[in-house]
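Engineer: sequence and predicted model, in that order:
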Amino acid sequence: MSEPARPYIRMNGAGNAFIVVQAFEQPFHPTADQVRALADPAAGLGGFDQLIGIEPSETADAFMRVWNADGSMVETCGNALRCVGWLMLEATDKEEVVIDTLSGPTTARRAPGRVGSGDPAGSTTAAQQKSSTAAQHQVAVDMGAPRLDWDQVPLSEEMDTRGIELQIGPIDAPVLHTPGAVSMGNPHVVFFTDRQDDAFVRGSGSLVERHPLFPEGVNVGFAHVLSPDHIRLRVWERGAGLTLACGTGACAALVAAARRGLTGRKAAVTVDGGELTIAWDEATNHVFMTGPVQIEGTGTFPAA
């Protein structure tokens, strides 16, 4: 980076890996090339799904800025909100903190208990093994109301977002079709399927991510509804690929499933890195996400 010895914290939320940089006193505005260089294993940071900057805010306790590993800046990240929320709760000793993002403000508070990582089938075990070696704090985040109109997702043309006109495979025998579309501050489509192996998720996700129907690109969820209160989810993240967890993706999956009557308004969502609890409150229309946060270590960026 432009300054030597910039400190960082390495964290994960249900396995979703972050490098977090405090930028209250010294601005942090890496270029896309710099972000990609830091994400490269050769940089010695261990790789990450997203790079997070915590900046001052005039209207909130902090502003969270998010870059994907490919260098693109994105609106928000649910699992990162829990991580930043926990850091701010510890720093301020408040019961609740407000974190602003490019998609708007959210609130975070401690939740009771600790959890360990799960071991769902098809998961990547290295991060789970790392997560199991340390305590994981529980944080609940108010993700706000889901945005369900076609132009809020956004889509390039008007459609019913309960099931949009999109399919993969032959016209007469599609492999995937009619996903739900939801924005949780960032765009998501959710396919309901029991096909969740790596090759299928990577192939289908990369195909849909930049489909012309999504002018801003899209995060692609593959949700298997196991019961009315349990979803198994894998997500191909826009700009990051297949990750161990996606908090906004878990929220989108619950909302999309509930809109179709496949689940209730609250469910456990099992991702590769563990489990999230998602509740879509009927009174407020807000989605609440509760899940684990862990600090893996600290370090400094190499001098430029």
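Structural biologist: In hand now; what should we look at? As the structure is a prediction and not an experimental result, all values here were calculated from the model.
Engineer: list the buried residues of stretch 185-197.
Structural biologist: Neighbour-count burial for stretch 185-197 flags 185-193, 196 (criterion: 16 or more other Cβ atoms under 10 Å). Quick note: C-beta positions are derived from backbone N, CA and C, even for glycine.
Engineer: could you do stretch 97-108 as well?
Structural biologist: 97-101, 103, 106-108.
Engineer: show residues contacting that stretch.
Structural biologist: Residues from elsewhere that reach stretch 97-108 (Cβ atoms under 8 Å, 6 or more residues apart in numbering): 57, 59-66, 73-76, 81-82, 84-86, 88-89, 96, 109, 139-144, 185-186.
Engineer: out of those residues, which are inside strands?
Structural biologist: 62-66, 73-74, 96, 109, 139-142 (DSSP state E).
Engineer: find the residue closest to the most centrally placed residue in the chain in space, skipping its chain neighbours.
Structural biologist: Residue closest to the average C-alpha location in the chain (Cα atoms, centre = their mean): residue 246, at 3.2 Å. Nearest non-adjacent residue to residue 246, counting by Cβ to Cβ, 6 or more residues apart in numbering: residue 235, 3.9 Å away.
Engineer: now residue 266
Structural biologist: Distances taken as Cβ to Cβ, 6+ apart place residue 279 nearest to residue 266, at 4.2 Å, with adjacent residues excluded.
Engineer: quick one, phi/psi of the one you found?
Structural biologist: Main-chain torsions, residue 279, degrees, to the nearest 10: phi -130, psi 130.
Engineer: hmm, it is touching residue 288, no?
Structural biologist: Yes. Between residue 279 and residue 288 there is a contact at 4.7 Å, judged by Cβ atoms under 8 Å.
Engineer: I figured residue 143 hits residue 185, correct?
Structural biologist: Yes. Counting by Cβ under 8 Å, residue 143 does reach residue 185; the two are 7.4 Å apart.
Engineer: return every residue with contacts to both of those two.
Structural biologist: Joint contacts of residue 143 and residue 185 (Cβ under 8 Å, 6+ apart) are residue 248.
Engineer: where does this protein have low pLDDT?
Structural biologist: Applying pLDDT under 70 to the chain flags the ranges 1-4, 113-135, 303-304.
Engineer: tell me where it has helices.
Structural biologist: 32-39, 78-92, 125-131, 198-209, 247-259 (DSSP state H).
Engineer: so of these, which one's packed in deepest?
Structural biologist: Stretch with highest mean neighbour count among those: helix 247-259 (a mean of 28; mean count of other Cβ atoms under 10 Å).
Engineer: what's it packed up against?
Structural biologist: helix 78-92, strand 180-183, strand 187-192, strand 219-227, strand 230-237, strand 266-271, strand 274-280, strand 287-300 (3 or more Cβ pairs under 8 Å, 6 or more residues apart in numbering; DSSP states H and E).
Engineer: how distant is the first one from the center of its chain?
Structural biologist: Here helix 78-92 is found 14 Å from its chain centre; the criterion is Cα atoms, centre = their mean, to the nearest Å.
Engineer: what does it rub up against?
Structural biologist: Residues from elsewhere that reach helix 78-92 (Cβ under 8 Å, 6+ apart): 9, 11-14, 16, 18, 20, 50, 52, 54, 61-62, 64, 66, 94, 97, 99, 101, 106, 108-110, 137, 139, 141, 143, 184, 245-251, 289, 291-293.
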